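Visitor: Below is the structure, and that's it, no one-letter string:
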C-alpha cells in the first residue's frame with residue numbers, strides 16, 4: 001500500500017537535519033569571523049539557511065566584538081530622577097518620559113545612588129507615607145569596555161535590565177539596557193509607536209492635535225499645515241555652520257534647538273507647537289503638533 005502523504009517525508013527530514021546540514025556546509029571550520037560571515041552568505045545563496053537566520057547569526061558573530069560603550073545611551077541623553085525633587089515632579093517626569101526604569105541621583109548627576117522602577121511608584125498610592133528612598137533599588141555599574149556577550153549573560157543571570165556604564169576615569173558615561181543588547185541580535189524591537197512607513201507619517205488625533213513622524217520631510221509638513229518652516233522654496237536646508245544638509249522635520253528642529261531633542265521638550269516654529277512625543281536611538285520618532293495661536297516665533301521650553 002502506498003504512503004498517503006509521500007510529500008511530507010522530505011520536509012520532516014529537512015527540519016531534523018538543519019543543524020547537521022549547516023555544520024557540513026561550513027566544514028572545515030572558517031579561521032576568522034569574517035570568513036564565517038562569508039560562509040553564512042554562501043549558505044544563504046545555496047538555500048541551506050534562510051535570510052533571517054543568516055542575518056541573526058551574522059549579528060551574533062559581530063556582537064562578540066562589541067562592548068557596552070558601542071550601544072549605550074550617552075550620559076547627556078539619560079533621563080535621571082533627582083531623589084530630592086518633589087514627588088509630583090518625579091511623577092510628571094516618569095509619565096512624560098514613559099521609561100520603566102530610571103537612574104536616581106542625589107546632588108550631582110554623576111552621583112547615581114540607585115534605580116527607580118516606574119511600577120514601584122504605585123506603592124505610594126497605597127502607602128502615601130512611604131519614603132520614596134525606600135523604593136530605590138541598587139544600581140549595577142559596568143565598565144565601558146564590557147563585552148556585550150558577557151553583559152547579556154549577566155543580565156539574564158541577575159535579572160537586571162539596566163546597567164550604568166562607567167568610563168576609564170570612573171565617571172558616568174551612559175546607560176545600557178537589555179533591550180539595547182537584544183536589538184544587536186534581532187534588530188530593532190518595535191513598540192506601539194512604530195508604524196510601517198506605507199501607513200503615513202502625519203496622523204490627526206481626536207483632540208485636534210496631530211502626530212508627526214520625525215522623519216517626515218519639511219516640505220510635506222509645510223504643505224500639510226500650510227506653513228513655512230524654512231526659508232527658500234527647496235525641500236532641503238543647508239546648515240553652513242555644521243556643513244550638513246537635512247530635509248526632515250526632526251533634523252530641522254534638532255538644528256534649531258542645537259541638540260538632540262528630548263522627550264517632553266517643546267519648540268514653537270512656523271506657527272506650530274512641536275512636542276517631542278517619542279525618541280529612540282538618539283532621534284525623534286514622533287512629535288505631537290498643534291497650531292500655535294501665539295505670534296510666529298521660536299520659543300523653547
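Guide: That came in fine, so what should we check first? This is a predicted model, so every value here is computed, not measured.
Visitor: Please count neighbours and contacts with C-alpha atoms only from this point.
Guide: OK.
Visitor: Show me what the strand or helix carrying residue 165 is packed up against.
Guide: Using DSSP states H and E, the element containing residue 165 is strand 162-166. Applying 3 or more Cα pairs under 8 Å, 6 or more residues apart in numbering; DSSP states H and E, one finds that strand 162-166 contacts strand 141-143, strand 172-177.
Visitor: Residue 77 is nearest to which of these?
Guide: strand 172-177 (8.1 Å; Cα to Cα).
Visitor: Mind checking the helices and strands packed on strand 162-166 for the one nearest to residue 227?
Guide: strand 172-177 (38.5 Å).
Visitor: residue ranges with poor pLDDT in the chain?
Guide: Applying pLDDT under 70 to the chain picks out residues 1-32, 187-200, 230-246, 280-282, 293-301.
Visitor: so where do the helices sit in the stretch 1-150 of the chain?
Guide: Remark: helices assigned in the stretch 1-150 of the chain by DSSP state H, counting those that start in this stretch are 8-16, 18-25, 33-45, 51-63, 68-71, 87-97, 122-126, 148-158.
Visitor: got the contact list for the shortest one?
Guide: This means helix 68-71. Here helix 68-71 makes contact (Cα atoms under 8 Å, 6 or more residues apart in numbering) with 143-148, 151, 165, 176, 180-181.
Visitor: Buried deepest among the helices and strands packed on strand 162-166, which one?
Guide: Stretch with highest mean neighbour count among the helices and strands packed on strand 162-166: strand 172-177 (a mean of 22; mean count of other Cα atoms under 10 Å).
Visitor: who touches it?
Guide: Outside strand 172-177, the residues that reach it (Cα under 8 Å, 6+ apart) are 68, 71-76, 78, 110, 144, 161-167.
Visitor: Check the offset of stretch 90-106 from the chain's centre.
Guide: Its chain's C-alpha centre and that of stretch 90-106 lie 16 Å apart, by Cα atoms, centre = their mean, to the nearest Å.
Visitor: how far does that stretch stretch from start to finish?
Guide: Stretch 90-106 has an end-to-end distance of 13 Å (Cα to Cα, to the nearest Å).
Visitor: Buried residues, that stretch. List them.
Guide: Across stretch 90-106, burial judged by 16 or more other Cα atoms under 10 Å covers 90, 93-94, 97, 101-105.
Visitor: Among those, which one sits closest to residue 47?
Guide: For the buried residues of stretch 90-106, the nearest to residue 47 is residue 101 (42.7 Å; Cα to Cα).
Visitor: Identify the residues contacting the closest one.
Guide: 115-118, 162.
Visitor: Identify the farthest-apart pair in the residues you listed.
Guide: Maximum pairwise distance among those (Cα to Cα): 13.3 Å, between 118 and 162.
Visitor: thinking again about what came up before, buried deepest among the helices of the stretch 1-150 of the chain, which one?
Guide: Highest mean neighbour count among the helices of the stretch 1-150 of the chain (mean count of other Cα under 10 Å): helix 68-71, a mean of 21.
Visitor: Counting neighbours, go ahead and name the busier of residue 118 and residue 162.
Guide: residue 162 (20 against 16; other Cα atoms under 10 Å).
Visitor: Quickly note the distance from that one to residue 111.
Guide: 17 Å.
Visitor: Just give the closest residue to residue 51, not the sequence neighbours.
Guide: Of all residues not flanking residue 51 in the chain, residue 44 sits nearest, at 6.3 Å (Cα to Cα, 6 or more residues apart in numbering).
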